[in-house]
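Engineer: Pasting the sequence and the predicted coordinates here, then a few questions.
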Amino acid sequence: MLSAPPVLSRLGRRRALQGAAAALVVLGLLLWWLLPFGQTSPTGKLTLSTGSHSGVYQRYGVLLKDALARDMPDVEIDLRTSEGSQQNLERVASGEADFTIATADAVAKYKRQRLAGADRLRGCARLYDDYVQLVVPKNSSVDSVRDLRGKVVGVGQDGSGIRLVADRLMKAAGLDPEQDITPLPSGINVAPGQLEEGTVDAFFWSGGLPTNTVQELSERFPIRLVALGPELVAKLHASGDPTSYYRSAAIPADAYPQAQGGQTVETIAVANLLVTTDRMSPAQTEGFTRTVIRSRDRIGNTVHPAQLVDLRTAVYTDPLPLHEGARRYYRSVKP
């Protein structure tokens, strides 16, 4: 049998080697596409500043911590209760916490006042809306914010988002929050009990619907919600930029059936934002944001406002620029 000429043999070997190299390149590219090489699971410790013990922020944070433990097993999540949005922003801006939840109006105020670290704040997601609730006994003579004159009112803790909006609402109604009422720094953890005991005549609360503490109060004590009409929103908007984040809304009739008598109640709503800073790595922020969106239904079964987290609107974190890690996540799920 005749053997192939030496020249052809060398040519064949060279082509075989070139073909093998090309195949390895294609295989490498395919593996790079299919497997997340270079994208290791986030590690470290993250602190989430939440809210008062019985508030929506805290209940949401507890369930989110469980979801994060499943999605980012190498990250330790520490929860810290707080007085609310204003304190939450101070903690994140200073580096005392890594992530938090705060209302858009509180964020706008923080930025407008140019408080420490304001320029470092970044948004991860628009979450659900908070609804302002002015709660009074069912037989109360209070039918409007203006009727609070001379009353003892739970206005929320110092550093809370509700304290911020309560003061603004009273000013919009022509009241001095320090002189025309007796303000008590009562949060949602104590205000319902104070109303039931008669220690306060009314209390303000701002949270998702329904708020369990208000719902439980309505089931054991006769209460009603005072309407906060669109005229208050117009006055709020006229007072300056941070108040432009308030909008007219309605509390559905089935939010608190015992308190509403089958009627919707006019009120004011403001968006909640998931907030971090530019100090947070893109990988950790992307992972955190992904879990927030993916866990919506599971958390929403217990904390109903979480059901309203919507991928289509989550990207709108005004007045904060979107963090690069969050941007990566939204790009990855863009149709």
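Structural biologist: Received the coordinates, thanks. Residues are numbered from 1 along each chain as shown.

Engineer: Ser160 versus Ser52, what's the distance?
Structural biologist: Ser52 sits 8 Å away from Ser160, going by C-beta to C-beta, to the nearest Å. No exception for glycine: its C-beta is placed from N, CA and C like everyone else's.

Engineer: With Glu231 instead?
Structural biologist: Using C-beta to C-beta, Glu231 is found at 25 Å from Ser160.

Engineer: more neighbours, these two?
Structural biologist: Ser160 (29 against 13; other C-beta atoms under 10 Å).

Engineer: can you tell me which residues contact Pro177?
Structural biologist: Val155, Ala166, Asp167, Met170, Lys171, Pro183 (C-beta atoms under 8 Å, 6 or more residues apart in numbering).

Engineer: swap in Val315?
Structural biologist: Applying C-beta under 8 Å, 6+ apart, we find Val315 in contact with Ala125, Arg126, Leu322, Ala326, Tyr330.

Engineer: I'd like the average pLDDT over the helix or strand hosting Leu127.
Structural biologist: Taking DSSP states H and E as the definition, Leu127 sits inside strand 121-137. For strand 121-137, mean pLDDT rounds to 97.

Engineer: Residues touching the next helix-or-strand element following it, excluding its own?
Structural biologist: On the C-terminal side of strand 121-137, the closest following helix or strand by DSSP H and E is strand 152-154. Contacts to strand 152-154, defined as C-beta under 8 Å, 6+ apart, come from residues 166, 181-186, 190-191, 194-195, 199-204.

Engineer: Just the ones of the residues you listed in helices?
Structural biologist: The helices, defined by DSSP state H, take in Ala166, Ala191, Gln194, Leu195 from these.

Engineer: Test my guess that the second one contacts Trp205.
Structural biologist: Yep, that's Ala191 we're talking about. Yes: the pair Ala191 and Trp205 qualifies as a contact (C-beta atoms under 8 Å) at a distance of 7.0 Å.

Engineer: quick one: common contacting residues for those two?
Structural biologist: Common neighbours of Ala191 and Trp205 (C-beta under 8 Å, 6+ apart) are Val135.

Engineer: What distance do you get for Thr47 to Gln258?
Structural biologist: According to C-beta to C-beta, Thr47 stands 38 Å off from Gln258.

Engineer: low-scoring pLDDT stretches of this structure, where are they?
Structural biologist: For the chain, the stretches flagged by pLDDT under 70 are 1-41, 335.

Engineer: burial count for the nearest residue to Leu209 once chain neighbours are set aside?
Structural biologist: Nearest residue to Leu209 in three dimensions, chain neighbours excluded: Ala255, at 4.6 Å (C-beta to C-beta, 6 or more residues apart in numbering). Ala255 has 22 neighbouring residues, counting by other C-beta under 10 Å.

Engineer: Surely Ala255 is within a helix?
Structural biologist: No: Ala255 sits outside any helix when classified using DSSP: H, G, I helix; E, B strand; the rest coil, being coil.

Engineer: thought it was touching Pro210?
Structural biologist: Yes: under the criterion of C-beta under 8 Å, Ala255 makes contact with Pro210 at 4.8 Å.

Engineer: thinking again about what came up before, and the contacts of Pro177, which is closest to Val142?
Structural biologist: Met170 (12.4 Å; C-beta to C-beta).

Engineer: Surely the closest one is within a helix?
Structural biologist: Yes: when three-state DSSP is applied, Met170 is found to be in a helix.

Engineer: Name the next helix or strand downstream of the one helix or strand Val292 maps to, please.
Structural biologist: Secondary structure from DSSP H and E places Val292 in helix 282-294. For helix 282-294, the following helix or strand on the C-terminal side (DSSP H and E) is helix 296-300.

Engineer: Need the contact partners of that following helix.
Structural biologist: Residues contacting helix 296-300 (C-beta under 8 Å, 6+ apart): Tyr60, Leu63, Leu64, Ala67, Ala306, Gln307, Leu308, Val309.
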